[in-house]
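Colleague: Structure for this input, please:
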Amino acid sequence: MGSVATWARRDFYGVSVGLARRPGAQGRAALSIAGGGVDGDAAVRIEATGQFLVLPGATSGMSPYVGLGVAYLGTRHYRGAGALVALIGVEAPEGRGSGWFAELGLGGGVRLRAGYRWRRLSPY
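Modeller: Reported below is the predicted structural model:
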């Protein structure tokens, strides 16, 4: 859960929720949906990324990650637009059950996202 802003020809500001799954030790597939506004109109941004976790088992410090994916931004009055997404982020250590995160990315403009993650860790 977090907030997201994208600065481009049409600026987007919104609140996002997302789900992610780690199919492997250093990979994560993430989907996020953000509701917000563009030029005073209600808008939605949907983003799917594949992410590479640099320090997947860290229990202290910060854990960096990078990602690539696709995004869609649509409003009622404008035709929707898709974009390729590239991002770099840092988060609270991956080995903990929850923590903050911050991302900077490109995709439909310059994107900034910050928020809090809850994780369900495997006992193995």
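Colleague: just checking, residue 32 touches residue 16?
Modeller: Yes - with contact defined as C-beta atoms under 8 Å, residue 32 and residue 16 form a contacting pair (4.9 Å). Bear in mind the C-beta positions are built from the backbone N, C-alpha and C, glycine included.
Colleague: what sits in contact with each of these two?
Modeller: Counting by C-beta atoms under 8 Å, 6 or more residues apart in numbering, the contacts common to residue 32 and residue 16 are residue 4.
Colleague: and the closest residue to residue 39 other than its chain neighbours, what element?
Modeller: In this structure, residue 39 finds its nearest non-sequential neighbour in residue 10, 5.7 Å apart by C-beta to C-beta, 6 or more residues apart in numbering. In this structure, residue 10 sits in neither a helix nor a strand according to DSSP states H and E.
Colleague: about what we covered before: tell me which of residue 32 and residue 16 has more neighbours.
Modeller: residue 32 (21 against 18; other C-beta atoms under 10 Å).
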